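J.: Fold the stuff below for me.
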Amino acid sequence: MIDPALLQVVARLMIPSEGQWAALEIGAGIGTLTRELAARAGWVYAIEMDRDLAPAVATTCAGIANLTWIWTDALDYDLSGSALSQERPDASLVLCGNLPYYLTSDILYNVLVERTRWSRISFVVQEEVGERMAGPPGTRDFGRLSLWCQYRSRVSIERRISRGSFVPRPNVGSCLVALEVKPSFPLSAEEERVLDVVSRAAFSKRRKTLLNGLRDIAVDRDALSSALTQSGIDPEERPEDLGVDGFVRLAKAVQPIIREA
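T.: Numbers count the residues shown, from 1 in each chain. Just a heads-up that it's a prediction; the model follows:
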């Protein structure tokens, strides 16, 4: 993104209030967004793997005192926020950035399936991915990614961003999605591992009913059918119709009868 006005808007949406924020930015590029984030956050830690950008970064981010630049692959970095929380114990933590499209799903699952320390997660993503993140149950957009985004957070598409806002110009539109992480969750950490197993299984066979999609991970088909029915879930439902609350009930119901978690 190169438009200064747009960069300011994006930074404001990623960090909605100035103050004690510690931001970890993924895919910082040459630092154009980084500079705006640093104007709003107390501390910014910027991750970029392309060291060839170092001369441009030195120019773009010259003189920014509250910035730490980290040359690494984001997928090789600890994205749990634990280290940052220890370093900045009084700050609210935000994970943000203009994500490379090919890394989006990997990074999102990395920070959603396991519990992390982030208060807010806000990314510019491909528009189609943003629709899936916020997609309601009963639609084709609702899938495993929707489930985990909505289980962990309150999701909102904050802004649509046109293709012409980027250099080089991408072939698809983008949007900024904000995830306000919930302070607590209805499942225990152990039950969340069950949720991961059943969500993988169900959405890998999303054209099948829940009973047929989950049968390979259950010790017994009849026990699975009984567990679904007793938890108020129709075994003939499709996974996209279940929603977050339904999957919470599903994880609790099938925990005793699945093969692995």
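J.: quick check: domain ranges of the chain?
T.: 4-181, 189-257 (automatic domain parsing).
J.: Arrange those domains in CSV, one row each, with mean neighbour count and mean pLDDT as further columns.
T.: For the C-beta atoms, the positions are set from N, CA and C on the backbone; glycine is no exception. As requested, the domains of the chain are exported to CSV (neighbours: other C-beta atoms under 10 Å; pLDDT from 0 to 100):
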stretch, mean neighbour count, mean pLDDT
domain 4-181, 18, 96
domain 189-257, 17, 94
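J.: Could you pull up the contacting residues of the closest residue to E240 other than its chain neighbours?
T.: In this structure, E240 finds its nearest non-sequential neighbour in F142, 4.6 Å apart by C-beta to C-beta, 6 or more residues apart in numbering. F142 sits next to 132, 135-136, 240, 243 when contact means C-beta atoms under 8 Å, 6 or more residues apart in numbering.
J.: can you name the two of the residues you listed that are farthest apart?
T.: Pairwise distances across those peak at 14.5 Å for R132 and G243 (criterion: C-beta to C-beta).
J.: what residues are up against the most centrally placed residue in the chain?
T.: With distances taken as C-alpha atoms, centre = their mean, the chain has L108 as the residue nearest its mean C-alpha position (3.4 Å). L108 makes contacts with 123, 133, 145, 148-149, as judged by C-beta under 8 Å, 6+ apart.
J.: Please repeat the previous calculation with a cut-off of 7 Å.
T.: Contacts for L108 (C-beta atoms under 7 Å, 6 or more residues apart in numbering) come out as L145.
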